[in-house]
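A.B. asks: Output the structure for:
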Amino acid sequence: MKRRLATIPVRKRIFLGCEGESEQGYGALLARLADDAGLHLAIHSVLLRPGGGDPLALVELAVKQIWSAERRRGAFATKAVLLDRDKLGMAPQRDERLLRQANQNDLRLIWQEPTHEALLLRHLDGCHQLRPQTSLLALAELARHWVDYEKPMSALRLSARLGMAELRRACAVEDSLREFLIECGFPVTQE
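C.D. replies: Numbers count the residues shown, from 1 in each chain. The predicted model follows:
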């Protein structure tokens with residue numbers, strides 16, 4: 001009698017470009033939540049430039065990273081970059097090139113309004129509608145509602161406070177995040 005080998009489902013490869021270590025920790029949190037939900041995802045959270053930077057330069061770097069990784073290991077099912085929106089609008093011509101690059105490379109832009117700390121804030125109970133206008137205000141508001149928050153925060157520390165319910169809360173007001181997660185297969189829409 002022949003033994004049947006167990007079939008291991010192929011994981012859907014996801015590229016998530018990260019402006020800094022905080023975003024990379026968030027990407028690792030998403031990978032944990034995907035595993036907990038039984039999703040077969042391999043989320044590659046790639047640190048593009050520690051400390052952030054110019055959105056166009058980050059997108060160009062992400063495109064290079066994607067091209068290199070896809071040559072070695074095959075295509076990504078979904079590609080995205082987490083970007084702080086506070087630098088958008090400073091150089092309109094560069095913004096136009098950024099959008100064109102993203103579109104030409106099927107790269108989703110997940111805008112953090114204005115920064116990553118404000119995005120995290122919108123995960124918290126009672127805070128999903130808060131829209132601090134600057135990075136300093138976002139950090140201060142997050143610290144007020146999440147007393148032991150430290151930048152950057154690991155996936156392990158994030159997971160102590162953020163789970164699928166908090167992710168759904170943020171997705172109710174964060175369109176680009178919700179669209180990315182739905183494309184990945186996350187159950188983030190409210191039922």
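A.B. asks: can we go C-alpha only for contacts and neighbour counts from here?
C.D. replies: Will do.
A.B. asks: Neighbours of L82, how many?
C.D. replies: Using other Cα atoms under 10 Å as the criterion, L82 is surrounded by 26 other residues.
A.B. asks: before we move on, what about S159?
C.D. replies: For S159, the number of neighbouring residues by other Cα under 10 Å comes to 18.
A.B. asks: chain center to the strand or helix carrying A170: distance?
C.D. replies: Using DSSP states H and E, A170 maps to helix 164-171. Relative to its chain's centre, helix 164-171 lies at 13 Å (Cα atoms, centre = their mean, to the nearest Å).
A.B. asks: What of stretch 177-191?
C.D. replies: In terms of Cα atoms, centre = their mean, the centre of stretch 177-191 is found 12 Å from the chain centre.
A.B. asks: Is the residue nearest the centre of the chain in a helix, a strand, or coil?
C.D. replies: Centre of the chain computed as the mean C-alpha position; nearest residue by Cα atoms, centre = their mean is L82, 4.9 Å away. Reducing the assignment at L82 to three states with DSSP: H, G, I helix; E, B strand; the rest coil gives strand.
A.B. asks: Not counting sequence-adjacent ones, nearest residue to it?
C.D. replies: Closest residue in space to L82, ignoring its immediate chain neighbours: I110 at 4.8 Å, by Cα to Cα, 6 or more residues apart in numbering.
A.B. asks: Identify all contacting residues around the helix or strand hosting that neighbour.
C.D. replies: Secondary structure here is read from DSSP H and E; on that basis I110 sits in strand 108-112. With Cα atoms under 8 Å, 6 or more residues apart in numbering as the test, strand 108-112 has contacts from 79-85, 102, 118-119, 176-177, 180.
A.B. asks: Distance to L29 and pLDDT for these - can I get that in JSON lines?
C.D. replies: What follows is these, written out as JSON lines (distance: Cα to Cα, whole Å; pLDDT from 0 to 100):
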{"residue": "K79", "distance to L29": "17", "pLDDT": "98"}
{"residue": "A80", "distance to L29": "16", "pLDDT": "98"}
{"residue": "V81", "distance to L29": "15", "pLDDT": "97"}
{"residue": "L82", "distance to L29": "14", "pLDDT": "96"}
{"residue": "L83", "distance to L29": "17", "pLDDT": "95"}
{"residue": "D84", "distance to L29": "19", "pLDDT": "92"}
{"residue": "R85", "distance to L29": "21", "pLDDT": "91"}
{"residue": "A102", "distance to L29": "24", "pLDDT": "97"}
{"residue": "A118", "distance to L29": "17", "pLDDT": "97"}
{"residue": "L119", "distance to L29": "14", "pLDDT": "97"}
{"residue": "S176", "distance to L29": "18", "pLDDT": "96"}
{"residue": "L177", "distance to L29": "14", "pLDDT": "97"}
{"residue": "F180", "distance to L29": "15", "pLDDT": "98"}
